[in-house]
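Peer 1: Structural data only, the sequence is not supplied:
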């Protein structure tokens, strides 16, 4: 099985259906390619097509936030596929910035972010390992619980 | 009219006077060029030369925040001009990070960020379209209402 | 004295012992190299091996936050050394993102961030000058007071 097929098989095995990036609700684009780098816009958490609202430390548990971050990773994969036409063109995931909608009392942003990071590694293997920052923000657009932006390197 | 002149004509038409970047108030520089990428420091909102203070959801309306983001875009243009000597050397705007000083109740950060994004597109056309993240922060340096950092690609 | 020796002498003069990057507590890696850029993950503040907890504006003074940011810069130097094998391979520090755990009342994030920025300039000289954004976040992983991520350019 080729490397290409391997990536898409893992995606299917994880039960993920790749979706084209949502049309941005504002004046920006889902991704920009520059040199060998691909910059993805912040993707917000969605559930069943709707904004996944919530704030960690107020009305959402860590485990649910982790699921939301995993859902975002699925959307990021959809955008990466749309940007490249073939995920095998991605050399590696470089950087993830994970913004967690949280109260001042919540301190498990890293565990929430793992929902995204672990899926990326599950799909891309070692090429999915990335540098990362995660932190708590006062609030996110439309009240979503998590937002993730990503930088990838192309072959 | 050349492409160079076109950009500067649009800036004049928008009533924008390009200003040299403010001397940073701290231990950093306004921009760094590396390879074909230009990284701009976070620019805070100013009005009539003073810090534009405010917090969305507390003492500032969305529309005012959007104006502040547009004012920042004007300063970003000034810095891009200072960095390149000629805005036509910019191949495209790659990425914008828009930090909105907001309460936990405010959820229109994307509308605030549009004030910056739309001016960039107005000036650069398709080359002004960029990837973006916007979110609410607990507070910003000197109490400013919005801060924007930017990555551009050079020809 | 060679440029290499000069950097390490300055580090010794500053009383800094370079440490290997801490094993990430979650699903990411301390740094990723792509082209000539080196992306470092967000590094949290530590003191005597433990998480340096605190929130500016609540239970920590600006000067202490500045010390915490300086401590992070020491850890960033350790990671840069681990990533390159020789700090003289670093052409310059490109960009710093400084996240300050702060209340909505605190507005001196730039002074906190200076603790990191000034040490980088002290060690690397002009090559240590960087673009930067600093802002207040609602909370940070494990309750640390400051987190810093960094982009460097390699020769």
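Peer 2: Yep, it's here. Given the structure is predicted, the values throughout are model-derived calculations rather than measurements.
Peer 1: in chain A, what residue is nearest chain B?
Peer 2: Nearest residue of chain A to chain B, counting by C-beta to the nearest C-beta: residue A:42, 3.2 Å away. Every residue, glycine included, has its C-beta placed from N, CA and C.
Peer 1: Tell me if residue A:116 really is in a helix.
Peer 2: Yes. Applying DSSP: H, G, I helix; E, B strand; the rest coil, one finds residue A:116 inside a helix.
Peer 1: That one against residue A:77, yeah?
Peer 2: No. Judged on C-beta atoms under 8 Å, residue A:116 makes no contact with residue A:77 at a distance of 10.4 Å.
Peer 1: out of those two, which sits in the more crowded spot?
Peer 2: residue A:116 (30 against 22; other C-beta atoms under 10 Å in any protein chain shown).
Peer 1: pLDDT value on that one, please?
Peer 2: For residue A:116, the model assigns a pLDDT of 98.
Peer 1: Equivalent analysis for residue A:4, please.
Peer 2: 78.
Peer 1: doesn't residue A:87 make contact with it?
Peer 2: Yes. At 7.4 Å, residue A:4 counts as touching residue A:87 under the criterion of C-beta under 8 Å.
Peer 1: More neighbours: these two, which one.
Peer 2: Shown here are residue A:4 and residue A:87; by other C-beta under 10 Å, residue A:87 has more neighbours (21 against 12).
Peer 1: Now that one: closest residue in space that isn't a chain neighbour?
Peer 2: residue A:7 (4.8 Å; C-beta to C-beta, 6 or more residues apart in numbering or on different chains).
Peer 1: for chain C, what are the nearby residues on chain A?
Peer 2: Within chain A, the positions lying close to chain C (C-beta under 8 Å from any C-beta of the partner chain) are A:35-37, A:57, A:91-92, A:94-96, A:102-111, A:113-114, A:117-118, A:121, A:129-138, A:151, A:153.
Peer 1: ok, which stretches of chain A are strands?
Peer 2: A:31-34, A:37-44, A:46-47, A:50-51, A:90-101, A:131-137, A:146-154 (DSSP state E).
Peer 1: Quickly run through the sheet partners of the longest one, with directions.
Peer 2: Within its sheet, and counting by DSSP bridges, strand A:90-101 is paired with strand A:131-137 (parallel), strand A:146-154 (antiparallel).
Peer 1: and what of the first one?
Peer 2: Based on DSSP bridges, the strands next to strand A:31-34 in the sheet, each with its direction, are strand A:37-44 (antiparallel).
Peer 1: buried ones in the strand it pairs with?
Peer 2: If you call a residue buried by 16 or more other C-beta atoms under 10 Å in any protein chain shown, then strand A:37-44 has these buried ones: A:37-44.
Peer 1: again with stretch A:61-79
Peer 2: A:62, A:64-79.
Peer 1: before we move on, what about stretch A:90-110?
Peer 2: A:90, A:92-102, A:104, A:106-110.
Peer 1: follow-up on the earlier one: roughly how far does the residue of chain A closest to chain B sit from residue C:143?
Peer 2: Distance, residue A:42 to residue C:143, by C-beta to C-beta, to the nearest Å: 25 Å.
Peer 1: Repeat that for residue A:65.
Peer 2: Distance, residue A:65 to residue C:143, using C-beta to C-beta: 17 Å.
Peer 1: Check residue A:76 too.
Peer 2: For residue A:76, the distance to residue C:143 - C-beta to C-beta - is 28 Å.
Peer 1: what's the answer for residue A:128, then?
Peer 2: According to C-beta to C-beta, residue A:128 stands 28 Å off from residue C:143.
Peer 1: what's the answer for residue A:145, then?
Peer 2: From residue A:145 to residue C:143 the distance is 20 Å (C-beta to C-beta).
Peer 1: The two - which one has more neighbours?
Peer 2: Between residue A:145 and residue C:143, counting by other C-beta under 10 Å, residue A:145 is the more crowded of the two (28 against 18).
Peer 1: Can you name every helix or strand that the longest helix seen in chain A contacts?
Peer 2: When chain A is scanned for its longest helix (criterion: DSSP state H), the result is helix A:62-84. Contacts defined by 3 or more C-beta pairs under 8 Å, 6 or more residues apart in numbering or on different chains; DSSP states H and E place helix A:62-84 against strand A:31-34, strand A:37-44, strand A:46-47, strand A:90-101, helix A:109-124, strand A:146-154.
Peer 1: ok, back up a step: out of the strands paired with strand A:90-101, indicate the one that is most buried.
Peer 2: strand A:131-137 (a mean of 28; mean count of other C-beta atoms under 10 Å in any protein chain shown).
Peer 1: ok, residues contacting the lowest-mean-pLDDT helix or strand in chain A?
Peer 2: Least confident helix or strand of chain A, by mean pLDDT, DSSP states H and E, is helix A:3-13 with a mean of 92. By C-beta atoms under 8 Å, 6 or more residues apart in numbering or on different chains, the residues outside helix A:3-13 that reach it are A:1, A:18, A:77, A:86-88, A:122-124.
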